[in-house]
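In: Structure, please.
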Amino acid sequence: TGSVSQWDADTTILQYVGCNTAAAPLDSTALRQALEVCLNREHIVSGFFSGHGRAAQFPLSPLSSLYPEELEVPFSADAPAQAVHRAAYAPERTLTLLVNGENSFKTAVAGYLADSFTAAGVPVEARVLPWEEYASALSAGEYDLYYGEVRLTADWNLGSLLEPYGALNYSHWSDPDASRLLAEYAGAEDRAAAMRALCVRLKSQAPILPVCFKSTSVLTQANVVEGLAPTAAEPLYALEQCLIHLAGSET
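Out: Numbers count the residues shown, from 1 in each chain. All right, here's what the predicted structure looks like:
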């Protein structure tokens, strides 16, 4: 309560929407592309995470020098309905978006996404599940969409999400071009060009829909600490270099 100071630490934790590409209707690339257009990522970060994150259209942090910013497409309010219309999608049932109920921020985002998809012409309802039921449903392929989270490694290895038998590729999505580009990126000298080629392919296929990268925060009472520089792994990194003002005493 009261006046506070805040420091954010960026992370490699990606939040995204996963698609069941093994079953109708999400086996349609056109429909997945249309759902991707529905994501107002900046609003999600500002409105649901109070700015504690970075909107991302690709599965690597926008802070990375490899991030292909030139491939981004700004969100437009008219674009979702137009994209669904182009996909020629005729809904036959309401789709389900699964979300782990142990985090109120995630459940709020999932509800917003379900409303956004529905407004664009793809009826979706969010289904909140306890962790064990959520994980079990994903492993069994009993979902249409899910709101997920993964901590990526610093080299942006996406194999667990995109390789056919990756641990987080629950629908076993398979694309020879994506697998080839993943392998080329791993050994590329020009990593930026290799990542750009991979992102172009992922944008065209949309097996997952990146939303944002989380940040974590350190809060103190206002004007108590100067010079704090938290990292994702060490919130009080280099604390010995900070100035800490104690009430009723000298600094």
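
In: what mean pLDDT does the helix ranked longest in the chain have?
Out: Longest helix in the chain, counting residues (DSSP state H): helix 104-120. In this model, helix 104-120 has a mean pLDDT of 98.

In: list the helices and strands it packs on?
Out: Other helices and strands packing on helix 104-120, by 3 or more Cβ pairs under 8 Å, 6 or more residues apart in numbering; DSSP states H and E, are strand 4-19, helix 29-37, helix 41-48, helix 79-86, strand 95-100, strand 124-129, strand 145-151. (C-beta placed from N, C-alpha, C; glycine too.)

In: One more pass at 7 Å, please.
Out: Using 3 or more Cβ pairs under 7 Å, 6 or more residues apart in numbering; DSSP states H and E as the contact criterion, the elements in contact with helix 104-120 are helix 41-48, helix 79-86, strand 95-100, strand 124-129, strand 145-151.

In: Any chance you could list what contacts the next helix or strand after the first one?
Out: This means helix 41-48. Past helix 41-48, heading to the C-terminal end, the next element that is a helix or strand (DSSP states H and E) is strand 53-55. Contacts to strand 53-55, defined as Cβ atoms under 7 Å, 6 or more residues apart in numbering, come from residues 10, 41-42, 45, 61-63, 212-215.

In: Also stretch 154-166?
Out: Residues from elsewhere that reach stretch 154-166, judged by Cβ under 7 Å, 6+ apart: 12, 59-60, 64, 66, 150, 167-169, 172, 174, 178-179, 182, 207-208.

In: If we go by neighbour counts, what in it is buried?
Out: Of the residues in stretch 154-166, those buried under the neighbour-count criterion (16 or more other Cβ atoms under 10 Å) are 156, 158-159, 161-163.

In: Next: stretch 73-81.
Out: The neighbour-count criterion (16+ other Cβ under 10 Å) identifies 75, 79-81 as the buried residues of stretch 73-81.
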